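Enquirer: here is a sequence with its predicted model. Questions after.
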Amino acid sequence: MTRPEPPTRLSCHCGAVVLELRLADGFRTARRCDCSFCRRRGAIAVSVKLPDLRVVQGAEALRLYTWGTGTAKHYFCGICGIYTHHQRRSDPTEYGVNAAALDGVNPRDLGEVPWADGVNHVSDSAPR
């Protein structure tokens, strides 16, 4: 029997918001996105299935930002402003979490991170 990996902890800068999550695929899903929002934010996101993320502290401090279709739901700390996670537009069964907010992670140590083409997202294409 293998032991499950312990939950990973993520926190905002001021510590008001704390999440526990399980990175089933580690950092293999790490991506940057060049959509109008993500390129301004500059964060590296890592995938987490919805049931594998739990807000353990500070739910009341979280703020939500949506635009366009409203499918993507971007959460950030209302006190310090740090982006914590978002429900993905490309796969609403997943969250993208801010890799730089994971305890013990320096995004510099992740090396080259692939880019997702958010500018030409399939959800933005007109049906043919």
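Expert: Yep, it's here.
Enquirer: quick check: the gap between Val55 and Val17.
Expert: Noted for Val55: a distance of 7 Å to Val17, by Cβ to Cβ, to the nearest Å. The way it works is simple: take the backbone N, C-alpha and C, and place the C-beta from them, glycine included.
Enquirer: could you do Pro92 as well?
Expert: To Val17, Pro92 is 21 Å away according to Cβ to Cβ.
Enquirer: what about the helices in this structure?
Expert: With DSSP state H as the criterion, the chain has helices at 38-41.
Enquirer: now do the contacts for Gly96.
Expert: 31, 45-48, 85-86, 88 (Cβ atoms under 8 Å, 6 or more residues apart in numbering).
Enquirer: can you tell me the closest non-neighbouring residue to it?
Expert: The shortest distance from Gly96 to any residue other than its chain neighbours is 3.3 Å, reached at Ala45 (Cβ to Cβ, 6 or more residues apart in numbering).
Enquirer: tell me the confidence at that neighbour?
Expert: Note for Ala45: predicted pLDDT of 93.
Enquirer: okay, and the beta partners of it?
Expert: Under DSSP bridges, the beta-bridge partners of Ala45 are Arg31, Asn98.
Enquirer: now it: how far from Val55?
Expert: 17 Å.
Enquirer: more crowded one of these two?
Expert: Higher neighbour count among Ala45 and Val55: Ala45, with 25 against 18, using other Cβ atoms under 10 Å.
Enquirer: what's the separation between Ala101 and Gly70?
Expert: Note on Ala101: its distance to Gly70, by Cβ to Cβ, is 24 Å.
Enquirer: higher neighbour count, these two?
Expert: It is Ala101, of Ala101 and Gly70, that has more neighbours when counted by other Cβ under 10 Å, with 21 against 8.
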